[in-house]
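A.B. asks: coords please:
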Amino acid sequence: MSLWTSHEIAEATAGVASADFAVTGVAFDSREIGPGDLFIAMKGEATDGHKFLDQAFAAGAAGAVVSEETEHPHVRVADTFEALNALGRASRARTLAKVIGVTGSVGKTGTKEALYAALDRFAPGRAHRSVKSYNNHTGVPLSLARMPRDARFGVFEMGMNHAGELATLTRLVRPHVAIVTAIAPAHREFFASEEEIADAKSEIFSGLEPGGTAVIPYDSPHRDRLIAAAKPHAARIVTFGQGEGADVRAAYVVRGPKGGSMVTAALPGGQLSFTIRQPGLHWIDNSLAVLAAVEAVGGDLAQAGLALADLEGLKGRGARLQVPVEGGAALLIDESYNANPASMAATLKVLAEEKVAGRRIAVLGAMRELGEGSEAYHAALAVPVAAAGVDYAILVGEEMKSLAKALGAGTEMAHVPDAAAAIALAREAIGPGDAVLVKGSNSIGLAALVEALASGKS
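C.D. replies: Sure, this is the predicted structure:
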């Protein structure tokens, strides 16, 4: 079954097709093109996708969306970015799927992946989700455009760093269920207060379909603010958390023998006992949000519990690797994709829970987009670092100067300017039986350190 025909693409985008063709996938990065895909030649600040048409078709593209002349099979439009949005809207308009939107300062991608796993287990091959962190003004319409015709469920991550962005994205996605995972000082540089961040995240509710459900963190200090924002748009509001009064609540939690947690959740219709493979208290909250959403779209809660038990860590977001070191191996917890004060504290708790034969080592990169409070936020990490029993810390980036000062002589540490400098130090420091946490904002580039350690390269 084709994803789109050239006729459908032309109709959706108000374009003109040069030939009849059908596509099975959509991409705007020529490096991601595979056989049968549609290549959307986007014009960006750095480059122009039209320059890569030959490369895309050499990789197997079946057609392209262009705004310039080409001899390749195509649909020509006035503006390829607008065409991408139009194709996303057309996909949303034709689907009968139940659609879930996910946002929050932390936990978006993990919750999205867990939801997908739960719904795909319930309806194999009929669930769709945005891949990677395609959660912005290009990633969201692309993820919509990729949704199969016969999907029963669609799960879409939506991010923002300015007010108004989520309002635009949620109008594209038009979710039946809208989740806010948590509110924390991420992108604080662009907001005057954490309350403003909560207001920006609550924009997701404005796109809810009639009869839709808002899923809100009960234990958040901004709970009532989120509920007030959801009320004009949601027919039903479901709270999740560990506090008494949450609609979906962790009534009983015990740490699993191999990490993770065993949870008994109280829901409006009864109880569910399940295991979470991923370690960390934050994953308990993520799982409760998953259960609330699965119930809201008519999924199977027992299947969701099984999916949570099987869910592995994601690259850059909790993947656990055994890396070679002289004399044996060490555990590396890869949290290199992103960081803010809340997620730093949560993952340092995960490191604290590791039973290690060697040392606990933390490679911590700077947290970006924190604004005027950056110095204080970095210095405050001294508390969770100490609580985690970190034996050796490698601090990466100029912003980490304040944490180095706050730690003082209490923790063995090194402060380096960049990821390249951290690689050599980490290689020298890590020994057999150590547990190593790697976390920082993506722009710091600690993914390169993870790759170097995993491959054994220096």
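A.B. asks: how long is stretch 56-70 from one end to the other?
C.D. replies: Across stretch 56-70, the terminal residues are separated by 13 Å (Cα to Cα, to the nearest Å).
A.B. asks: do stretch 308-324 as well
C.D. replies: Termini of stretch 308-324 sit 29 Å apart (Cα to Cα).
A.B. asks: quick one: contacts of it?
C.D. replies: By Cβ atoms under 8 Å, 6 or more residues apart in numbering, the residues outside stretch 308-324 that reach it are 109-110, 113-114, 117-118, 274-278, 280, 287, 290, 329-338, 347, 350, 430, 436, 442, 447, 450, 453-454, 456. Where you see a C-beta, it was placed from the backbone N, CA and C, and this is true even at glycine.
A.B. asks: residue closest to the middle of the chain?
C.D. replies: T109 (2.1 Å; Cα atoms, centre = their mean).
A.B. asks: Quick check: next helix or strand after the helix or strand where that residue lies?
C.D. replies: For T109, the host element (DSSP states H and E) is helix 108-122. Per DSSP H and E, the first helix or strand lying C-terminal to helix 108-122 is strand 127-129.
A.B. asks: what's next to that following strand, contact-wise?
C.D. replies: With Cβ under 8 Å, 6+ apart, strand 127-129 has contacts from 97, 112-113, 115-116, 119-120, 143, 146-148, 151-157.
A.B. asks: Emit the PyMOL select command for whichever of those are buried.
C.D. replies: For the buried members of the contacts of strand 127-129, the matching PyMOL selection, counting by 16 or more other Cβ atoms under 10 Å, is:
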select buried, resi 97+112+113+115+116+119+120+143+146+147+148+151+152+153+154+155+156+157
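A.B. asks: Who are the contact partners of A64?
C.D. replies: 38-41, 53, 56-57, 70, 72-75 are the contacts of A64 under Cβ under 8 Å, 6+ apart.
A.B. asks: and if we set it to 6 Å?
C.D. replies: A64 makes contacts with 39, 41, 72, 74, as judged by Cβ atoms under 6 Å, 6 or more residues apart in numbering.
A.B. asks: Next, count neighbours for the residue lying closest to the second one once chain neighbours are set aside.
C.D. replies: Of all residues not flanking A41 in the chain, G49 sits nearest, at 3.6 Å (Cβ to Cβ, 6 or more residues apart in numbering). When neighbours are counted by other Cβ atoms under 10 Å, G49 registers 23.
A.B. asks: And the helix or strand containing V253, what's buried?
C.D. replies: Per DSSP H and E: V253 is located in strand 248-255. Residues 248-250 are the ones in strand 248-255 that count as buried (16+ other Cβ under 10 Å).
A.B. asks: Ok, stretch 8-24 next?
C.D. replies: 8-10, 12-13, 15, 17-18, 21-24.
A.B. asks: what's the domain layout of the chain?
C.D. replies: 4-78, 95-310, 319-455 (automatic domain parsing).
A.B. asks: related to what we said a few turns ago, distance from the strand holding V253 to the middle of the chain?
C.D. replies: Relative to the chain's own centre, strand 248-255 is displaced by 24 Å; criterion: Cα atoms, centre = their mean, to the nearest Å.
A.B. asks: repeat for stretch 170-179
C.D. replies: Worked out by Cα atoms, centre = their mean, stretch 170-179 lies 16 Å from the chain centre.
A.B. asks: Just the CA atoms of that stretch, as CSV, please.
C.D. replies: Extracted C-alpha coordinates of stretch 170-179, given in CSV (Å, rounded to 0.1, in the frame of the first residue of the first chain):
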residue,chain,number,x,y,z
THR,A,170,-1.0,21.3,18.2
ARG,A,171,-3.3,22.7,15.5
LEU,A,172,-1.5,20.5,13.0
VAL,A,173,-1.6,17.4,15.2
ARG,A,174,-5.1,17.9,16.6
PRO,A,175,-4.7,15.3,19.3
HIS,A,176,-7.4,13.3,21.0
VAL,A,177,-5.2,13.1,24.0
ALA,A,178,-2.6,15.8,25.0
ILE,A,179,0.0,15.0,27.6
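A.B. asks: hmm, who's touching it?
C.D. replies: Contacts of stretch 170-179 (Cβ under 6 Å, 6+ apart): 88, 92, 98-102, 140-141, 156, 204-209, 212-215, 289, 293, 296-297.
A.B. asks: I'd like the mean pLDDT over that stretch, please.
C.D. replies: The pLDDT scores in stretch 170-179 average 98.
A.B. asks: Please apply the same query to stretch 124-138.
C.D. replies: For stretch 124-138, mean pLDDT is 92.
A.B. asks: Let the chain start at 47 from now.
C.D. replies: Yep, numbering from 47; the last one is stretch 170-184 now.
A.B. asks: Just the terminal-to-terminal distance for that stretch.
C.D. replies: Stretch 170-184: ends 27 Å apart by Cα to Cα.
A.B. asks: What residues sit buried inside that stretch?
C.D. replies: Result for stretch 170-184 [16+ other Cβ under 10 Å]: buried residues 173-176, 179-182, 184.
A.B. asks: would you turn these into JSON lines with distance to P267?
C.D. replies: Shown next, in JSON lines, are the buried residues of stretch 170-184 (distance: Cβ to Cβ, whole Å):
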{"residue": "A173", "distance to P267": "33"}
{"residue": "H174", "distance to P267": "34"}
{"residue": "R175", "distance to P267": "30"}
{"residue": "S176", "distance to P267": "29"}
{"residue": "S179", "distance to P267": "26"}
{"residue": "Y180", "distance to P267": "30"}
{"residue": "N181", "distance to P267": "24"}
{"residue": "N182", "distance to P267": "27"}
{"residue": "T184", "distance to P267": "33"}
